[in-house]
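Participant: This is a predicted model, with the sequence first.
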Amino acid sequence: MAITCSTVNDLFQRETNRFSVDVHERYSVEGPWGRLVRVGKFPQGMGTTLNEITIERVLSGSFENNWSDVGTSSGTASSGCVPAPSDLAFGQTVRSWNLKSVAYQTPCICLDDLKTAFSIESQIAKTVEQLTQLTKTVLDNRRRSEYLRLVNKVQAGYNTEYTDLNSVPAPTYQLAQDQLDELRVRLIRDGAGYNALGKENGTPVLGLITSP
């Protein structure tokens with residue numbers, strides 16, 4: 001992609017009135033998504049779209065209280081050797097994701113203008129730090145949006161799962177601890193304990209991300 005500069009901007013401050021010695025900067029709060037979302041290299045030669053397959057649990061569909069007594073074989077039945085089977089069902093869930101890109105461009109700068117700017121080394125160093133923070137923020141927002149797009153969502157009662165965040169009904173009351181306790185059991189049953197944030201007394205510690 002060709003990048004051209006139609007205008008040149010003098011971006012850095014210079015002394016018209018006296019500046020103090022220090023050059024300050026404002027920091028951004030780092031989000032948790034960079035630590036919680038798995039990140040890796042996209043495999044070469046695999047196109048631009050990949051599918052992730054999740055092998056779902058195989059359940060019997062009962063409380064295991066329907067076992068039959070074992071008997072001996074007779075002329076018409078062989079329950080001792082060949083018990084009557086119950087049919088099982090199993091399957092997979094496929095989720096698709098693809099490569100995407102975004103580009104940002106800073107304004108163009110004339111290097112000769114930097115010679116007269118106040119404390120230019122400090123200004124440039126802190127500007128680079130701000131650009132680094134911007135990169136982290138952009139990646140955090142991207143990982144958060146992809147996480148919310150791909151994972152299933154539940155509402156109170158947890159009887160219905162939603163794949164689209166916009167389809168989840170709006171809450172009618174505040175989140176309570178008993179709801180979190182119930183949801184925690186469901187998450188651990190789904191395997192969240194295998195990749196928990198940590199363990200306390202052998203029990204998985206799960207993360208909860210909310211607003212401030």
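Facilitator: Sure, I can see it.
Participant: what kind of secondary structure is D181 in?
Facilitator: helix (DSSP: H, G, I helix; E, B strand; the rest coil).
Participant: Please apply the same query to the one 5 residues further on.
Facilitator: Assigned by three-state DSSP, the conformation of R186 is helix.
Participant: in the protein, which residue is closest to the centre?
Facilitator: Closest to where the C-alpha atoms of the chain average out (CA atoms, centre = their mean) is Y147, at 3.5 Å.
Participant: Contacts only, for the closest residue to that residue other than its chain neighbours.
Facilitator: In this structure, Y147 finds its nearest non-sequential neighbour in V37, 5.8 Å apart by CB to CB, 6 or more residues apart in numbering. The C-beta positions use only the backbone N, C-alpha and C, and glycine is treated the same way. By CB atoms under 8 Å, 6 or more residues apart in numbering, the contact list for V37 reads 143-144, 146-147.
Participant: contacts for stretch 104-116?
Facilitator: Outside of stretch 104-116, the residues within contact range by CB under 8 Å, 6+ apart are 3, 5, 7-12, 14, 120, 124, 131, 134, 138.
Participant: can you do 10 Å?
Facilitator: For stretch 104-116, the external contacting residues (CB atoms under 10 Å, 6 or more residues apart in numbering) are 1, 3-12, 14-15, 120-121, 123-124, 127, 131, 134-135, 138.
Participant: Restricted to buried residues, select those residues in PyMOL.
Facilitator: Typed into PyMOL, the line below selects the buried ones among the contacts of stretch 104-116, using 16 or more other CB atoms under 10 Å:
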select buried, resi 12+120+123
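Participant: Can you name the residues in contact with the helix or strand harbouring N51?
Facilitator: Per DSSP states H and E, N51 falls inside strand 49-55. Applying CB under 10 Å, 6+ apart, the contact partners of strand 49-55 are 42-43, 90-99, 150, 191.
Participant: for the helix or strand of the chain with the lowest mean pLDDT, packing partners?
Facilitator: Between all helices and strands in the chain, the lowest mean by mean pLDDT, DSSP states H and E belongs to helix 33-36, at a mean of 76. Packing partners of helix 33-36 (3 or more CB pairs under 10 Å, 6 or more residues apart in numbering; DSSP states H and E): helix 120-150.
Participant: That's all I had, so thanks and see you.
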